[in-house]
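Engineer: 3D, please:
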Amino acid sequence: MKVAIISVTYKGALLAEHLAKSLDFKVDIFAKSGRSANDAGQTYDSLSHLIQDVFTEYDGFVFIMATGIVVRVIAPYIQDKRFDPAVVVMDDGGQHAISLLSGHIGRANELTITVSKAVNAVPVITTATDVAGLPAADVLAVKLDLVIEPFEQLKAINAAIVNGDQVTFFMDRSLANYTHFYLPAVEMGVRLVDMDDLGAAENYDSAVVITDKELYMTKPHLYLRPATLAIGIGCRRGTSSTEILTAIENCCRKIGRSPKSIAVLGTTQVKHDEVGLLAAAQQLAVPLKFFTNDELQQCISEQKFTTSSFVEEQIGVGSVCEPAALLAGQANSLLLSRTVHPKITIAIAEVKSRWWE
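Structural biologist: Here you go, the predicted model:
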């Protein structure tokens, strides 16, 4: 986590310096010109100009100043809780730390606890689930690195939890390495029910389901999607990102998996400058991995994939999407074999190793 600590008084600058030394992640200090302490960090003349320049550059902010100042200065830059940084406010006496913005997904509540412990301040957290001591779906998503789908349903689900409705958390035990998700959830106090019991478990009002599968559900629900799918892609030169994304989504749904569970795209090194592919990866917010012809050919030979003489003439190897899917996911088998769309071929494997991280 990359955090900026910003003060407006000399006393606040002293606290910022002390706080920065107590934290074990990357911290930058900004002090008002003429009020810095021991020449620590950087200085600024205008707080509004500083925030305009740096608001998108940090994962979190600790403002040592009045809450009203912070509200006014950050207001023009707040967009969406999925993307806003964590914002914590402290008084320059170090008595209280307030979680102001992006408490769950941005981890402001967590940052508030951390900075409070560092200077022996009282943490002030107002998110309803935390106050009630109840598990929140977005906290679980952040903890387990899961994608919330549909995001618009999150508010209703968390409200149901706070209001005392029966919200049941379900876990898909068929997920590869499901204990990676199961054990941290249990440590958080979340009781997980086997997803196989979803149809039989009628005594719930809403459901939160950890799975990469597409399900039919009639009751209010929220999916938490793990990144489990490796997509192998072959395409003709000039194919648009819209065409590629449409083909990917169709193929995911063909095998009953959510496109929100895509972890990585794979293709041939020949396509390293393919604009449509690069844009598709950017829109999906996943890495795009390129493999050499030698790597693809070795996988083709080991798996005995069917090859195309036309493809081989064009790029030097007879198959792209199937070997690229396996290589991207470090997998041994495919969930979806080569599927042809206009100008595009897609194959899908289940990720066994996130080797690119």
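Engineer: Could you find the closest non-adjacent residue to the residue lying farthest from the centre of the chain?
Structural biologist: Ranked by distance from the centre of the chain (CA atoms, centre = their mean), the top residue is residue 309, with 40.2 Å. Nearest residue to residue 309 in three dimensions, chain neighbours excluded: residue 318, at 6.9 Å (CB to CB, 6 or more residues apart in numbering). Using the backbone N, CA and C atoms, a C-beta is placed for each residue, glycine as well.
Engineer: where in the stretch 1-150 of the chain is pLDDT low?
Structural biologist: For the stretch 1-150 of the chain, the stretches flagged by pLDDT under 70 are 132.
Engineer: and with 80 instead?
Structural biologist: 37-40, 128-135 (pLDDT under 80).
Engineer: For it, just list every one of the helices.
Structural biologist: Using DSSP state H, counting those that start in this stretch, the helices of the stretch 1-150 of the chain run over residues 10-22, 47-54, 67-74, 108-119, 128-132, 137-144.
Engineer: Can you give me the distance of residue 113 to residue 172?
Structural biologist: Taken as CB to CB, to the nearest Å, the spacing of residue 113 relative to residue 172 amounts to 31 Å.
Engineer: so the residue nearest to residue 309 sits right up against residue 299, yeah?
Structural biologist: No - between residue 318 and residue 299 there is no contact under CB atoms under 8 Å: 11.5 Å.
Engineer: just to revisit the earlier point, before we move on, what SS does the residue nearest to residue 309 have?
Structural biologist: What DSSP: H, G, I helix; E, B strand; the rest coil gives for residue 318 is coil.
Engineer: Map the structural domains onto the sequence of this structure.
Structural biologist: The chain resolves into domains spanning 3-126, 137-225, 229-350 when parsed by automatic domain parsing.
Engineer: Which one, of the ones you listed, ends up nearest to residue 357?
Structural biologist: Distance to residue 357, taken as CB to CB, is lowest for domain 229-350 among these, at 8.7 Å.
Engineer: The nearest residue to residue 262 once chain neighbours are set aside: what's it in contact with?
Structural biologist: Sequence neighbours aside, residue 229 is the residue nearest to residue 262 in space, at 4.9 Å (criterion: CB to CB, 6+ apart). Applying CB atoms under 8 Å, 6 or more residues apart in numbering to residue 229 gives the contacts 212, 252, 257, 261-263, 329, 335, 348-351.
Engineer: Let's see that with 7 Å instead.
Structural biologist: 212, 252, 257, 261-263, 348, 350-351 (CB atoms under 7 Å, 6 or more residues apart in numbering).
Engineer: if we can go back for a sec, comparing residue 113 and residue 172, which residue is more hemmed in?
Structural biologist: Neighbour count, other CB atoms under 10 Å: between residue 113 and residue 172, residue 172 has more, with 22 against 16.
Engineer: Which pLDDT value goes with that one?
Structural biologist: Residue 172 carries a pLDDT score of 94 in this model.
Engineer: can you pull the contacts of it?
Structural biologist: 178, 195, 210-211, 213.
Engineer: Figure out the length between the terminal residues of stretch 245-263.
Structural biologist: 14 Å (CA to CA, to the nearest Å).
Engineer: buried ones in that stretch?
Structural biologist: 245, 247-248, 251-252, 257-263 (16 or more other CB atoms under 10 Å).
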